[in-house]
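A.B. asks: okay, here's the prediction I keep looking at, along with the sequence it came from:
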Amino acid sequence: MRFQTPLIPATLIRRYKRFLADVRLEDGREVVAHCPNPGSMMGMKNEGLKVWLEPNDDPKKKLKFGWRLAELPDGHFIGVDTAVPNRAVRAALEAGEVGPLAPYKTVRPEVKYGQASRIDFLLQEAGLPDVYVEVKSVTLMRQQGLAEFPDSVTVRGAKHLAELTQMAAQGHRAVMLYLVQRTDCTRFTLASDIDPAYAAAYRSAVKSGVEVICIGTKITPEGVWLTQGLEVSVSLH
């Protein structure tokens, strides 16, 4: 998935009010950028961090820059925009590039299901059970190479796991797909200390037949693409 507009570099001054960030452009101007990430953004919002912005000239938008990437001092990238994973996953699903789901040719986004919810993707193929796919963006790393989810308490995330469990009970395939939006991780686990309730919901869902897929990404200022599957290290006990 390529960014629609070429990104420009800047320096982060601060992120605040969840959806705002003050940044300094290369020409010295300080501007406010939209921060499309409601999470805690632990480890990716430090003052002085190099960031990449997507400019826009849309007269309907109050903010003229959107924060898309954080670039760490070692050159690795983290995807900031929580909307990007669904766009990148959709492109990969439609191209048949997600191995366990490759046989499915019909990809329907945002289909109503559960309790007033919408599944990220419903996959369908003649002769095969429907697949309900929920996508989560993973950006937290506290131990070298180990991606963790979530980075803050997510009641909504636990609700999604419960609804996937219901789909599995009805005979459908139900998939929790974690997309690791950072280029320095090789494994995935749960941040059980941050949200014990989510961890409990995860274990219950997996024991009930919900499948888990974790995929890494290639991230550059040009775009975000799915790469290889990552090892999932989560005890079910």
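C.D. replies: Cool, the structure landed. Numbering: from 1, shown residues only.
A.B. asks: domain assignment for the chain?
C.D. replies: Domains of the chain are assigned by automatic domain parsing as 8-79, 84-232.
A.B. asks: in this protein, which helix is the longest?
C.D. replies: Scanning the chain for the helix with the most residues, using DSSP state H, yields helix 155-169.
A.B. asks: hey, which of the domains of the chain is tucked in deepest?
C.D. replies: Of all the domains of the chain, domain 84-232 has the most neighbours on average by mean count of other C-beta atoms under 10 Å, namely a mean of 18. All C-beta atoms are positioned from the backbone trio N, CA, C, and that covers glycine.
A.B. asks: hang on, the earlier thing: what's the longest helix of the chain in contact with?
C.D. replies: With contacts defined as C-beta atoms under 8 Å, 6 or more residues apart in numbering, helix 155-169 is touched by 113-115, 117, 119, 132, 134, 136, 150, 173-176, 195, 197-198, 201-202, 204-205, 208-210.
A.B. asks: likewise for stretch 225-237?
C.D. replies: Residues contacting stretch 225-237 (C-beta under 8 Å, 6+ apart): 1, 88-89, 92, 97-99, 146-147, 179-180, 185-190, 202-203, 206-207, 212-218.
A.B. asks: can you tell me which of these are in helices?
C.D. replies: Among the contacts of stretch 225-237, the ones falling in helices (DSSP H) are 88-89, 92, 202-203, 206-207.
A.B. asks: can I get the residues you listed in JSON lines including distance to Val23 and pLDDT?
C.D. replies: Shown next, in JSON lines, are the ones in helices among the contacts of stretch 225-237 (distance: C-beta to C-beta, whole Å; pLDDT from 0 to 100):
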{"residue": "Ala88", "distance to Val23": "24", "pLDDT": "96"}
{"residue": "Val89", "distance to Val23": "28", "pLDDT": "97"}
{"residue": "Ala92", "distance to Val23": "30", "pLDDT": "96"}
{"residue": "Tyr202", "distance to Val23": "35", "pLDDT": "98"}
{"residue": "Arg203", "distance to Val23": "40", "pLDDT": "97"}
{"residue": "Val206", "distance to Val23": "40", "pLDDT": "97"}
{"residue": "Lys207", "distance to Val23": "44", "pLDDT": "97"}
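A.B. asks: export the residues you listed to a markdown table and tack on distance to Leu161?
C.D. replies: Shown next, in a markdown table, are the ones in helices among the contacts of stretch 225-237 (distance: C-beta to C-beta, whole Å):
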| residue | distance to Leu161 |
| --- | --- |
| Ala88 | 22 |
| Val89 | 18 |
| Ala92 | 22 |
| Tyr202 | 6 |
| Arg203 | 9 |
| Val206 | 9 |
| Lys207 | 11 |
